[in-house]
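Novice: Based on what follows, work out the 3D shape:
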Amino acid sequence: MSPIKKVILFCHRWLGLISGLVVFIVSITGCIFCFQDEIQDAMYSYRHVNTKGEYLQPSRLVANVKKQYPKGSPDYIYYYGVNRPAGVLTNMGKDGFEYVFLNPYTGEITHHEKPQTNFFIIVEYIHLYLLLPPAIGKWVVGVSVIIFMVIMITGLILWWPKRKSDRKRSFTIKWGGRWLRVNYDLHNVLGFYATSIALILAITGLAIAFEPVSKAIYKVANLGTNVKNEVVEPKSDSLKRAGVSDKPVIDIAFSYARKHAPDAQMFLIHNDPSVAGAIGVGAYAKSMHYSHANGWEFDKYNGKLLKAYIYDKKSPGLKLTEMNYDIHVGQILGLPGKIIAFLVSLICASLPVTGFIIWLGKRKKPRGKKVKVAVHRKTHKKQLAAV
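Specialist: Down below sits the predicted model:
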């Protein structure tokens, strides 16, 4: 082995030992989360409703939630799809958030829960923060993911066969061999097949956790430029706070979105107090998918349209960053994509385990053991006769 490869091998082993446990946890939780929508749809009846006419306006849903939680601030309203419930995320102050589900056609509250008690939200927080405080956890996970990316690349360099005659053997697992050999092949062969997808999952995960990564992806896709209309936040005209309509602004925003995106399956409305002077609504082409969206921002005081994000007019960078979540969980390709993301995450979880077994096996190899030298009996007799 060349000196360069010895250095690469040293880095590969020790970086793997440092980050292995975190990579295992993050990968396993990623496997579980891939199918969270399908699993919850099968488990919980409140995630389905019967279609009955037209959606109620968001102000009606908010009013029903306020009756139940008068001290709450219903800041986010979700219309998940024709046969799905509406959801209202309500800020309860010191008590955290309450997630209220309603029938979007009747306004009836069908279910409510604190997000932190939902199993898949817990899985997501483990995946993102290891249940540590977010400011600490995201860095522990982020650094481990970056190390894992280095490990994948160094592993590929170490594994790549020099001779063409070795390639066929290197691309397959020798199932009939000893278990240590099978383990070695599982580590190398599965690692090779998973590398490209694993790197994509790692980069998209970093973009979710770290805004600078997301901005870097945006700039790279836009060839180093920012589109001013996309990066400048809309602001309310503070001189015109008198309402121009008797309708609540969230209803104006929702009606506008439905009119201008009639084929959209899902709508998300935000009335976040931290967003200065604007109410936003997004219209998504497919239910439970967060890409291919049109969006609009309205002045929360008078309902004036401040800004529009039309999908066909978005820059490549904005389209790509909005696809980030769908790419990360695999749903950008539908069910086959989720299956691929699940399998690759499972392989990533196995790599620290199989790698540790390889490392442990090499450490346990006996050293300094005398090597037996086979001597042909006839030659031995001749030597004795000569003596």
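Novice: Name the nearest residue to Ser236, ignoring sequence neighbours.
Specialist: Gly277 (2.5 Å; C-beta to C-beta, 6 or more residues apart in numbering). Yep, even glycine has a C-beta here, placed from its N, CA and C like the rest.
Novice: Please enumerate the strands of the stretch 201-350 of the chain.
Specialist: Secondary structure of the stretch 201-350 of the chain by DSSP state E, counting those that start in this stretch: the strands cover 266-270, 278-284, 293-299, 305-309.
Novice: Same question for the stretch 1-150 of the chain.
Specialist: 73-79, 86-91, 97-102, 109-113.
Novice: ok so, going back, can I get the strands of the stretch 201-350 of the chain in a markdown table including distance to Tyr129?
Specialist: Shown next, in a markdown table, are the strands of the stretch 201-350 of the chain (distance: least, C-beta to C-beta, whole Å):
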| stretch | distance to Tyr129 |
| --- | --- |
| strand 266-270 | 23 |
| strand 278-284 | 26 |
| strand 293-299 | 27 |
| strand 305-309 | 30 |
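Novice: Tabulate those (TSV), appending mean neighbour count, distance to Lys215 and mean pLDDT.
Specialist: What follows is these, written out as TSV (neighbours: other C-beta atoms under 10 Å; distance: least, C-beta to C-beta, whole Å; pLDDT from 0 to 100):
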stretch	mean neighbour count	distance to Lys215	mean pLDDT
strand 266-270	21	21	94
strand 278-284	23	20	93
strand 293-299	22	18	92
strand 305-309	16	17	90
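Novice: Among these, which comes closest to Leu199?
Specialist: Closest to Leu199 of those, according to C-beta to C-beta: strand 293-299, at 26.0 Å.
Novice: Give me the contact list for stretch 14-22.
Specialist: For stretch 14-22, the surrounding residues in contact (C-beta atoms under 8 Å, 6 or more residues apart in numbering) are 130, 140-141, 143-144, 147-148, 150-151, 154, 351-352, 355-356, 359.
Novice: which among those residues gets closest to Ala209?
Specialist: Taking C-beta to C-beta as the measure, Ala209 lies nearest Val141 of these, at 6.9 Å.
Novice: what's near enough to touch the closest one?
Specialist: Val141 makes contact with Val22, Val26, His127, Leu128, Tyr129, Leu130, Ala209, according to C-beta under 8 Å, 6+ apart.
Novice: count of residues packed around the fourth one?
Specialist: It refers to Leu128. Leu128 has 20 neighbouring residues, counting by other C-beta atoms under 10 Å.
Novice: correct me, but it touches Pro134?
Specialist: Yes. Checked against C-beta atoms under 8 Å, the pair Leu128 and Pro134 is within contact range at 7.5 Å.
Novice: tell me, which helix in the protein spans the most residues?
Specialist: For the chain, the longest helix by residue count, based on DSSP state H, is helix 3-34.
Novice: For it, buried residues please.
Specialist: Within helix 3-34, the residues scored as buried using 16 or more other C-beta atoms under 10 Å are 8, 12-13, 15-16, 19-20, 22-34.
Novice: and if you look at stretch 56-75?
Specialist: Judged by neighbour count using 16+ other C-beta under 10 Å, the buried positions of stretch 56-75 are 56-62, 64-65, 69, 72-75.
Novice: Make JSON lines out of those residues and add pLDDT and distance to Ser214.
Specialist: Shown next, in JSON lines, are the buried residues of stretch 56-75 (pLDDT from 0 to 100; distance: C-beta to C-beta, whole Å):
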{"residue": "Leu56", "pLDDT": "94", "distance to Ser214": "34"}
{"residue": "Gln57", "pLDDT": "95", "distance to Ser214": "33"}
{"residue": "Pro58", "pLDDT": "95", "distance to Ser214": "28"}
{"residue": "Ser59", "pLDDT": "94", "distance to Ser214": "33"}
{"residue": "Arg60", "pLDDT": "94", "distance to Ser214": "35"}
{"residue": "Leu61", "pLDDT": "95", "distance to Ser214": "31"}
{"residue": "Val62", "pLDDT": "94", "distance to Ser214": "30"}
{"residue": "Asn64", "pLDDT": "95", "distance to Ser214": "35"}
{"residue": "Val65", "pLDDT": "94", "distance to Ser214": "31"}
{"residue": "Tyr69", "pLDDT": "92", "distance to Ser214": "33"}
{"residue": "Gly72", "pLDDT": "90", "distance to Ser214": "30"}
{"residue": "Ser73", "pLDDT": "90", "distance to Ser214": "27"}
{"residue": "Pro74", "pLDDT": "91", "distance to Ser214": "28"}
{"residue": "Asp75", "pLDDT": "89", "distance to Ser214": "22"}
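Novice: so Gly93 makes contact with Lys71?
Specialist: Yes. Between Gly93 and Lys71 there is a contact at 6.9 Å, judged by C-beta under 8 Å.
Novice: and which of the contacts of Val141 is nearest to Ile327?
Specialist: Nearest to Ile327 among the contacts of Val141, counting by C-beta to C-beta, is Ala209 at 14.6 Å.
Novice: List the contacts of that closest one.
Specialist: Contacts of Ala209 by C-beta under 8 Å, 6+ apart are Leu128, Lys138, Val141, Gly142.
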